[in-house]
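[1] Any chance you could fold what I've pasted below:
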Amino acid sequence: MTGDGHRIDETEIVGRARQLLADHPPGSCPADEFLGAQFDRGLAWVHFPVGHGGLGADVRLQAAVDHVLHGAGAPDASAVNPIGHGMCAPTIVAWGTPSQRERLLRPLFAGEEIWCQLFSEPSAGSDFAGLATRAAADGADFVINGQKLWTTMAHRATWGLLIARTDPDVAKHAGLSAFVLDMHAPGVDVRPLYQMTGEAEFNEVFFDDVRVPSACLLGSVGQGWSVALTTLMNERVSIGGVIPPRGAGAVSHLMAAYDELRASQPLRAELYRHRVVALWLRAEVLRLSNIRLSQRREPGDPGPEGSIGKILTAQLNQDIYAELLDLLGSEGMLYGTYDKVRPEIAMEYTTPQKAFLRSWANSIEGGTSEVMKNVLAERLLGLPGDVRVDKGVPWNKIPRN
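    Purely as a prediction, here's the structure:
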């Protein structure tokens, strides 16, 4: 619904998307210019507020916009800035001040400012609330000291969404606060973490007396856990809740390889047919399930259902790329040039061998599959939670390694 109370339907929003394509043809319009125009017309996240990349419309209408734009070869903001698009932007809308929304959202969507997420730590992975990075108040600033790791694309990021401990004397969930951090501020040190693919999408980030103005708080002091939950729920949907066209995504790589095998070695291809069909069917079931889940999703807080797609996507990707290497035969064992690089784009498919190795991160990143099962058990099935001996205990009284 727009600011004047007008309710937008699918016909109208598809018309707006087509007009965007007519005014800014993707083949001749630079990507950042196109994405900026998409934001200005409220077609970035249609359920966001008017003036902040949205139209206040039904979140389900975004699929219609994406279908029109991506079908015409328009740039994909989620590929250019995946952490910013899927995780940080919903958090800024939910918790940011009007001035923070005004300053941050448009360059985020246009890919002019890349974002990263500063959550995981060496001693606080799955136990996220146990993190130790400190943010100590000092006049109008906070001073940050500590370390984060597994930070995707931190080497390219302009901004980071940081959760740090502002009060060690209260229970671990209660003493956290969220900040928008300038990744080029003095005292921020980003170092590569090379994966078995040879790339360093991931990084470790060190903070040495980094000063962050109070104006960069997201929410209030002590609300960091709630801010983080908003980010994590959207992260799981961003990773596992994608609704591609039928046969697109990882399974399209498998089908292309199978078609080549069928053309060159038809008898050998017959040995794989039932396994390839089974994986295609799993991909289609997941796609349809994500459509159903998206129809129940609430803007801003997708809820625990996002964990379903996250688990299933991780396992499916791993099975698809393992099968793809089988189709390739002995060629699947050859990785090719193994250069240690820091990529410009995260999770980019270049070879089946690289995709196979990279897929093993899927069941870890964004919350491990074990954590996702706990979320589903406790929040959807109503089963009792794990035993906790630190509930209500001040963070600084909890033994740590």
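[2] from the middle of its chain, how far away would the helix or strand containing Leu325 be?
    Using DSSP states H and E, Leu325 sits within helix 306-328. A distance of 17 Å separates the centroid of the chain from that of helix 306-328, by Cα atoms, centre = their mean, to the nearest Å.
[3] Please identify the buried residues of whichever strand in the chain runs longest?
    Among the segments of the chain that qualify as a strand by DSSP state E, the longest is strand 202-213. Neighbour counts over strand 202-213 (16 or more other Cβ atoms under 10 Å) mark Phe202, Asn203, Glu204, Val205, Phe206, Phe207, Val210, Val212 as buried. For glycine as for every other residue, the C-beta is placed from the backbone atoms N, C-alpha and C.
[4] And the pLDDT for the first one?
    So that's Phe202. Confidence per residue is given as pLDDT, and for Phe202 that number is 93.
[5] Now it: closest residue in space that isn't a chain neighbour?
    By the measure of Cβ to Cβ, 6 or more residues apart in numbering, the closest residue to Phe202 outside its immediate chain neighbours is Leu193, 4.3 Å from it.
[6] Phi, psi for the one you found please.
    Backbone dihedrals for Leu193, given as degrees, to the nearest 10, come out at phi -120, psi 110.
[7] Enumerate every residue touching it.
    If you count contacts by Cβ atoms under 8 Å, 6 or more residues apart in numbering, Leu193 has them with Leu149, Trp150, Ala200, Phe202, Asn203, Glu204.
[8] Phe119: which of the buried residues of strand 202-213 is nearest?
    Val205 (10.8 Å; Cβ to Cβ).
[9] Please report how far the closest one lies from Lys373.
    29 Å (Cβ to Cβ, to the nearest Å).
[10] Next, count neighbours for Asp392.
    Careful, residue 392 is Gly and not Asp. Taking other Cβ atoms under 10 Å as the neighbour definition, Gly392 ends up with a count of 10.
[11] With Thr337 instead?
    Counted with other Cβ under 10 Å, residues neighbouring Thr337 total 6.
[12] avg pLDDT for the helix or strand just after the longest strand of the chain?
    The C-terminal neighbour of strand 202-213 among helices and strands, as given by DSSP H and E, is strand 217-218. When pLDDT is averaged along strand 217-218, the result is 97.
[13] before we move on, what about stretch 367-384?
    Across stretch 367-384, the average pLDDT comes to 85.
[14] what do you get for stretch 331-345?
    Stretch 331-345 shows an average pLDDT of 86 in the prediction.
[15] so how far does it reach from one end to the other?
    The first and last residues of stretch 331-345 sit 26 Å apart, counting by Cα to Cα, to the nearest Å.
[16] Pull out the buried positions in that stretch.
    Going through stretch 331-345 with 16+ other Cβ under 10 Å, the ones that come out buried are Gly332, Arg342, Pro343.
[17] Now do the contacts for Glu112.
    The neighbourhood of Glu112, defined by Cβ under 8 Å, 6+ apart, consists of Asp32.
[18] Nearest to Gly309 among the contacts of Leu193?
    For Gly309, the closest of those turns out to be Trp150, at 21.0 Å, with distances computed as Cβ to Cβ.
[19] any idea how far Ser252 is from that closest one?
    Counting by Cβ to Cβ, the gap from Trp150 to Ser252 is 28 Å.
[20] how big is the angle separating the helix or strand harbouring Ser252 from helix 306-328?
    Taking DSSP H and E as the definition, Ser252 sits inside helix 250-264. When axes from the mean of the first three to the mean of the last three Cα atoms, to 10 degrees is applied, the directions of helix 250-264 and helix 306-328 differ by 20 degrees.
[21] Let's test this: name the helix or strand in the protein with the lowest mean pLDDT.
    Here the helix or strand of the chain ranked lowest by mean pLDDT, DSSP states H and E is helix 224-240, holding a mean of 76.
[22] Now Ser359: phi and psi?
    Phi and psi for Ser359, reported as degrees, to the nearest 10, are phi -60, psi -20.
[23] correct me, but it touches Glu323?
    No - under the criterion of Cβ atoms under 8 Å, Ser359 makes no contact with Glu323, lying 11.3 Å away.
[24] number of nearby residues for Val387?
    Val387 has 6 neighbours, counted by other Cβ under 10 Å.
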